[in-house]
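Colleague: Next one to model:
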Amino acid sequence: MRGTLIQRQWAYNPMLYAPARYRRACRYHAFVPSVLDGTLPPLDQAVAGVVSDAERAIHALNAARPAALAPLARLLLRTESIASSKVEGLQVDARTLARAEAREDTGRTAGAGVRDVLANIDAMQLAIEEAAASDRPLTLDQIVDVHRVLLECGADKTVAGRIRDDQNWIGGNDYNPCGADFVPPPETHLGPLLADLVAFCRSEAFPALVQAAVAHAQFETIHPFADGNGRTGRALVQILLRRRGIAPAYVPPISVVLARDRSRYIEGLTAFREGRENEWIEAFATASAAAAELARRYLERVEQLQERWRAQLAGHVQIRSDAAAWLVIETLPAHPVVTVSVAVAAVGRTRPAVSQAIDQLTGAQVLVPITEGRRNRAWEAAGLLDLLTDLEAGRAPR
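Modeller: Residues are numbered from 1 along each chain as shown. From the prediction side, this is the model:
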């Protein structure tokens, strides 16, 4: 076991509003992981091969398309965010999310669960922006900032960006950790463990994918926040793969594969805590390779869809080669549901030019209106959300 179980006492609380059995004092065991201390057991030869194959797949994904295709990068980021939220039980599909995002863009309010997923996308974006500053060592404050962005729009804003100061647990009941599935280290142990984790994340002594796998598992074991640990920990994977240069343009949506088989993901984290690091690293690398291949195939399909849109536009109306409509088509993968305001910001053209472009694309059946009336109008990119729905589910493109 990579750590120690320590026995603790949960105090009797006569004032707790709960059934009597949960107010009683009880004993439980918290798990304090060993510090990484910049070392890891050697990789099995077979596992090293899986890691190498996965890193090649991620490199290939990034090499196949220029980094300038930012809308496609945001498409993968958005898919990763949705899947990461699904692992935590936040069930929001791509179509619902895209339409809710359009509502927020026009000043209306999305539901609480949707706002949490939108915050997850913001957190992932923050992770990438921080990763771009590769000349600065990673800090704990950067990880805390990701958590803050992730939770500050959620139901419990009070814990956003705050390291916990009490005991938390996973599973069991809502009132005490006795009988929980897993109890992370007590709050008094968090400082040294987090300092050690950040030091490990700064190292380049290990293959990038191994570092990301171990850092994620150690973060989930420490569980330093009251809520949002899983999503923050998966954002940490994004940070590390960007910083190490393995995924300069596209980080594959690894959470898509993890969400598809959540029980295997939990089993892998358990294996890590029990000292079977090679099992977890192999599972993580296998998921990464599968995600890279899935992303590659979907990016191809999205590019084919864009070519079809261009043909539809050319067949519908004769416009100049520098017309705003062509630019809107380029940005649609980042904005599956678009408003005039969003399109203006995305393509940098005037509002009249963009409004004309949207009219042209609607006439060419590239955009489909999803609202009525003349105010707060929104349009959906034809066929794109169907592709994203399949990608979210980890299905091969049809």
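
Colleague: Off-centre distance for the helix or strand residue 195 falls within?
Modeller: Secondary structure from DSSP states H and E places residue 195 in helix 190-202. Centroid displacement of helix 190-202 relative to its chain, using CA atoms, centre = their mean, to the nearest Å, is 22 Å.

Colleague: May I see the buried residues of that helix?
Modeller: For helix 190-202, the neighbour count (16 or more other CB atoms under 10 Å) marks 190, 193-194, 196-198, 200-201 as buried. Using the backbone N, CA and C atoms, a C-beta is placed for each residue, glycine as well.

Colleague: can you give me the offset of the longest helix belonging to the chain from its chain's centre?
Modeller: Longest helix in the chain, counting residues (DSSP state H): helix 277-316. On the basis of CA atoms, centre = their mean, helix 277-316 sits 16 Å off its chain's mean C-alpha point.

Colleague: Rounded mean pLDDT for that helix, please.
Modeller: Per-residue pLDDT values across helix 277-316 average out to 92.

Colleague: got the angle between the helix or strand that comes right after that helix and helix 277-316?
Modeller: Scanning forward in sequence from helix 277-316 by DSSP H and E, the next helix or strand is helix 324-331. Our comparison of helix 324-331 with helix 277-316, counting by axes from the mean of the first three to the mean of the last three CA atoms, to 10 degrees, yields an angle of 160 degrees.

Colleague: just how off-centre is helix 324-331 within its chain?
Modeller: Taking mean C-alpha positions (CA atoms, centre = their mean), helix 324-331 and its chain are 27 Å apart.

Colleague: Does anything pack onto that helix? Which helices or strands?
Modeller: Applying 3 or more CB pairs under 8 Å, 6 or more residues apart in numbering; DSSP states H and E, one finds that helix 324-331 contacts helix 277-316, helix 340-347, helix 351-363.

Colleague: Per-residue pLDDT of residue 107, please?
Modeller: Predicted confidence (pLDDT) for residue 107: 58.

Colleague: same thing with residue 261?
Modeller: 81.

Colleague: So what does it have for phi and psi?
Modeller: Phi and psi for residue 261, reported as degrees, to the nearest 10, are phi -140, psi 70.

Colleague: contacting residues for it?
Modeller: Listed by CB atoms under 8 Å, 6 or more residues apart in numbering, residue 261 has no contact partners.

Colleague: re the thing from before, of all the helices and strands packed on helix 324-331, which one is nearest residue 388?
Modeller: helix 277-316 (8.3 Å; CB to CB).

Colleague: Is the residue nearest the centre of the chain within a helix or a strand, and which one?
Modeller: With distances taken as CA atoms, centre = their mean, residue 81 lies nearest the centre of the chain, 3.4 Å away. Take DSSP H and E as the rule and residue 81 turns out to sit in helix 70-87.

Colleague: Let me see the domain layout of the chain.
Modeller: Annotated domains of the chain cover 3-296, 305-392 [automatic domain parsing].

Colleague: Just give me the lowest mean pLDDT stretch among those domains.
Modeller: domain 3-296 (a mean of 85).

Colleague: which parts of stretch 5-20 are buried?
Modeller: Applying 16+ other CB under 10 Å to stretch 5-20 flags residue 10 as buried.

Colleague: So for that stretch, first residue to last residue, what's the gap.
Modeller: From its first residue to its last, stretch 5-20 covers 27 Å (CA to CA, to the nearest Å).

Colleague: how near is residue 161 to residue 333?
Modeller: 31 Å (CB to CB, to the nearest Å).

Colleague: Who has more neighbours out of these two?
Modeller: The neighbour comparison of residue 161 against residue 333 (other CB atoms under 10 Å) goes to residue 333, with 25 against 18.

Colleague: Alright, that wraps it up for me.
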